[in-house]
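Visitor: sequence isn't available, so here's the structure alone:
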């Protein structure tokens, strides 16, 4: 079934609740995606993410299932009652991807692709915008304005770490962007701990720190067999690890809601 209903961001991010966006870095096939969606939906996760068009550093790396993966992901999302989120890489593909996805994702490398942002602002579906790994929070804010200035204010901001001189992690997670961006905009602010971690053992502490800092949601890469994933296996958590993060993150959010 094609994605015809226009969702509103307020439906996905409710006041006082912690939202989870989860799924594999890359959709590798229907079976693995079904296994992942079954697990996530069983926990109560509503939003399924998965890469179909992968802007990889090396052209020799797995580039995703691309067009043929759109119908697979749509079918799996529908079967498990989940919201589909996938990346669109250029303005020319908005129409094609938009037939299937509920939410457009703009990746870090396209955070300042202004023609793409402008085009996404002219359509009505929510846009999940990731911060560029070389962008300041001011530049991040201005990227969001390229979307909102065209009439689409259905925006989700995702902090996914920036490149610094520190090399013990893949990127440096800028927790301070949560209060900084909250002062600028009213959009939900989500933390992606997977990319700055670079290693799955760091995903949990970064996730919990983000919740304590006031993030509205977490976007985590999860895979049924991370060691054999076709992309970014080192930073993807398995089902057991995700469930632990999920439960601990909710404990922290509930404690914050109760005022300790």
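Guide: Good, I have the coordinates. Everything numeric in this text was worked out from a predicted model, so none of it was measured. Numbering: from 1, shown residues only.

Visitor: what is the burial count for residue 78?
Guide: Residue 78 sits with 14 neighbouring residues when counted by other CB atoms under 10 Å. Glycine gets a C-beta too; all of them are placed from N, C-alpha and C.

Visitor: residue 251 now?
Guide: A count of nearby residues for residue 251, using other CB under 10 Å, gives 12.

Visitor: please apply the same query to residue 254.
Guide: Applying other CB under 10 Å, we find 12 residues neighbouring residue 254.

Visitor: scan the protein for its longest helix.
Guide: The longest helix of the chain (DSSP state H) is helix 239-258.

Visitor: report all helices and strands that that helix contacts.
Guide: strand 19-23, helix 30-43, helix 203-212, strand 217-221 (3 or more CB pairs under 8 Å, 6 or more residues apart in numbering; DSSP states H and E).

Visitor: how far off centre is it?
Guide: 18 Å (CA atoms, centre = their mean, to the nearest Å).

Visitor: list the buried ones in it?
Guide: 239, 241-243, 245-246, 249, 252-253 (16 or more other CB atoms under 10 Å).

Visitor: quick check: which ranges of this protein have low pLDDT?
Guide: 1-4, 54-64, 66, 260 (pLDDT under 70).

Visitor: try it again with 50
Guide: For the chain, the stretches with pLDDT under 50 are 60.

Visitor: show me the helices in it, by range?
Guide: 9-12, 30-43, 67-79, 94-98, 114-121, 137-148, 177-184, 194-197, 203-212, 239-258.

Visitor: for those helices, which one ends up most surrounded?
Guide: Highest mean neighbour count among those (mean count of other CB atoms under 10 Å): helix 194-197, with a mean of 26.

Visitor: name the residues that touch it?
Guide: 25, 108, 160-161, 169-173, 202-203, 206, 219-221, 232, 235-237 (CB atoms under 8 Å, 6 or more residues apart in numbering).

Visitor: for the buried ones among those residues, write the corresponding ChimeraX selection.
Guide: Buried subset of those, written as a ChimeraX selection, criterion 16+ other CB under 10 Å:
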select :25,108,160,161,169,170,171,172,173,202,203,206,219,220,221,232,235,236,237
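
Visitor: pretty sure residue 53 contacts residue 89?
Guide: Yes. Look at residue 53 against residue 89 with CB atoms under 8 Å: they come within range, at 4.9 Å.

Visitor: can you list residues touching both of those two?
Guide: By CB under 8 Å, 6+ apart, no residue touches both residue 53 and residue 89.

Visitor: related to what we said a few turns ago, adding distance to residue 186, write the buried residues of helix 239-258 out as JSON lines.
Guide: Formatted as JSON lines, the buried residues of helix 239-258 follow (distance: CB to CB, whole Å):
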{"residue": "239", "distance to residue 186": "34"}
{"residue": "241", "distance to residue 186": "32"}
{"residue": "242", "distance to residue 186": "29"}
{"residue": "243", "distance to residue 186": "31"}
{"residue": "245", "distance to residue 186": "27"}
{"residue": "246", "distance to residue 186": "26"}
{"residue": "249", "distance to residue 186": "22"}
{"residue": "252", "distance to residue 186": "23"}
{"residue": "253", "distance to residue 186": "19"}
